[in-house]
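> pasted the sequence and its predicted model underneath.
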Amino acid sequence: MVVMQVAGLTLDEQTKAPILILKNPQGDEVLPIWIGAMEAMAISVMINAVSVPRPLTHDLLLNALHATGADLLGIEIVALREGTYYAELELLTADRRHKVDCRPSDAVALALRAKVPIMVHRAVLDAAARDRMRPSPTDAAHLIEPADAAAEMMRRAEALRTLHESGHESDADSPEQNAEQDEKGLEELLKLLEPDTKTRM
């Protein structure tokens, strides 16, 4: 089992699909995982420390686990079969441990929120390399360049909301115009992030 960290997000140059980049902090090992648009946004919010006024889906799930007395101990990416990664949540309740099947993108979004380890089975790293789904060390630097349009849009929306609440919005567009621009920006972002992906999760 190899401990990995989130190095960032990027986009597939050909399909423009989001890619989650996991990196071994003890070496140059890098694992890219093609993910969905909404999961990319959930991860981007955490790695860029973007505040949101209400709990997102992954916040809700983590809150529900805590409310029922369960703790998330860590996540494991356990298999790569036919281009699809498989992961498990490791949960602890009062009397025992549980393994719960999960998509890696959701698992990582939860791990970032709970600040728990992200583990990848050595067989998965080997299979990714064998299937050419892992970049060589010369490609790794390019892949780690983050694509954080989602986080930037949310930051801008939060800044405009703060400006509006403080009553100093004379130099800004109207709230209606801002909301319309943010909605259009979100639509454009989702269109950009939703093409067919090499590895579905």
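Okay, I see it.
> if you average pLDDT per helix and strand, which one of the chain comes out bottom?
helix 137-143 (a mean of 45; mean pLDDT, DSSP states H and E).
> burial of the nearest residue to residue 120 once chain neighbours are set aside, as a residue count?
Distances taken as CB to CB, 6 or more residues apart in numbering place residue 77 nearest to residue 120, at 4.5 Å, with adjacent residues excluded. C-beta: built from backbone N, CA, C; applies to glycine. For residue 77, the count of nearby residues is 26 (other CB atoms under 10 Å).
> so where do the helices sit in the chain?
37-47, 57-67, 104-114, 122-130, 137-143, 149-166, 175-193 (DSSP state H).
> can you flag the weakest of these by average pLDDT?
Across the helices of the chain, the stretch with the lowest average pLDDT is helix 137-143; it has a mean of 45.
> give the bridge partners for residue 4, please.
Beta-bridge partners for residue 4, by DSSP bridges, are residue 118.
> quick one: pLDDT of it?
pLDDT, residue 4: 96.
> and it, what does it touch?
22, 23, 24, 25, 29, 31, 118, 119, 120 (CB atoms under 8 Å, 6 or more residues apart in numbering).
> in strands, which of these fall?
When these are checked against strands (DSSP state E), the matches are 22, 23, 31, 118, 119, 120.
> report how many residues lie close to the fifth one.
Just to be clear, that refers to residue 119. 20.
> you'd agree it is up against residue 77?
Yes: using CB atoms under 8 Å, residue 119 is in contact with residue 77, at 7.1 Å.
> how about stretch 22-34 as CSV, C-alpha atoms only?
Coordinates of each C-alpha in stretch 22-34 appear next as CSV, following Å, rounded to 0.1, in the frame of the first residue of the first chain:
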residue,chain,number,x,y,z
LEU,A,22,-2.2,11.8,-7.0
LYS,A,23,1.5,11.9,-6.1
ASN,A,24,3.7,9.8,-3.8
PRO,A,25,5.3,12.4,-1.4
GLN,A,26,8.3,10.0,-1.0
GLY,A,27,9.2,9.9,-4.7
ASP,A,28,8.3,10.8,-8.2
GLU,A,29,5.4,8.3,-8.6
VAL,A,30,2.3,10.0,-10.0
LEU,A,31,-1.1,8.6,-10.7
PRO,A,32,-3.7,10.5,-12.9
ILE,A,33,-7.3,9.5,-12.5
TRP,A,34,-9.9,10.9,-15.0
